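Visitor: make a model of this:
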Amino acid sequence: MGKEGLTSGNVTNLVATDTQKLFEVMHDGHMIWSCPIAIVVVIILLFVIVGPSCLVGSFILVSLVPLSKKFSSLVIQIRRKRVAVADERVEIATAMLQGIKMTKLNNYEDKFEARVVETRQRE
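Guide: You can find the predicted model right below:
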């Protein structure tokens, strides 16, 4: 346990999660400004090519945004639950790796493997 009550599994998982989020922002962050512009340009081009009927499709597309937001929040809730179990699994693996000499000496491999398998199934 660390000074702030974080285990090494928590810290490892936090670092991995933060690194992934940073990558996602660097990779997809420009879409915050480019997607609305692209949507407006495509709607204008569709209006010119197809006519007013494209506005019906555009309205349906915009009206589905709240549904997409609902599903996204559901996925976030599921991920949060999964992260808690992943922290536990990483902590078990870290404890085993840190004490590998003691584990081998006392033949604890099967016990650690059973704990990791059980945690993976819950994850």
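Visitor: now do the helices in the chain.
Guide: With helices called from DSSP state H, the chain shows them at 8-28, 31-49, 54-63, 65-98, 100-106, 109-122.
Visitor: low pLDDT regions in the protein?
Guide: 1-5 (pLDDT under 70).
Visitor: now with 90, please.
Guide: For the chain, the stretches flagged by pLDDT under 90 are 1-36, 39, 52-55, 57-58, 61-62, 65, 78-123.
Visitor: mind listing what's buried along stretch 78-96?
Guide: 83, 86, 87, 88, 89, 90, 91, 92, 93, 95, 96 (16 or more other CB atoms under 10 Å). (Glycine included, C-beta is placed from N, CA and C.)
Visitor: what does it contact?
Guide: 7-10, 12-13, 17, 103, 108, 112, 115-116, 119-120, 122-123 (CB atoms under 8 Å, 6 or more residues apart in numbering).
Visitor: okay, that stretch in CSV with CA atoms only?
Guide: C-alpha atoms of stretch 78-96 as CSV (Å, rounded to 0.1, in the frame of the first residue of the first chain):
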residue,chain,number,x,y,z
ILE,A,78,-19.6,-0.7,-17.2
ARG,A,79,-16.0,0.3,-17.7
ARG,A,80,-15.8,1.8,-14.2
LYS,A,81,-16.9,-1.5,-12.7
ARG,A,82,-14.5,-3.4,-14.8
VAL,A,83,-11.6,-1.1,-13.8
ALA,A,84,-12.1,-2.0,-10.1
VAL,A,85,-11.8,-5.7,-10.9
ALA,A,86,-8.8,-5.0,-13.1
ASP,A,87,-7.1,-3.2,-10.2
GLU,A,88,-7.5,-6.3,-8.1
ARG,A,89,-6.1,-8.6,-10.8
VAL,A,90,-3.1,-6.3,-11.4
GLU,A,91,-2.5,-6.2,-7.6
ILE,A,92,-2.5,-10.0,-7.4
ALA,A,93,-0.1,-10.3,-10.3
THR,A,94,2.2,-7.6,-8.9
ALA,A,95,2.2,-9.3,-5.5
MET,A,96,3.1,-12.6,-7.2
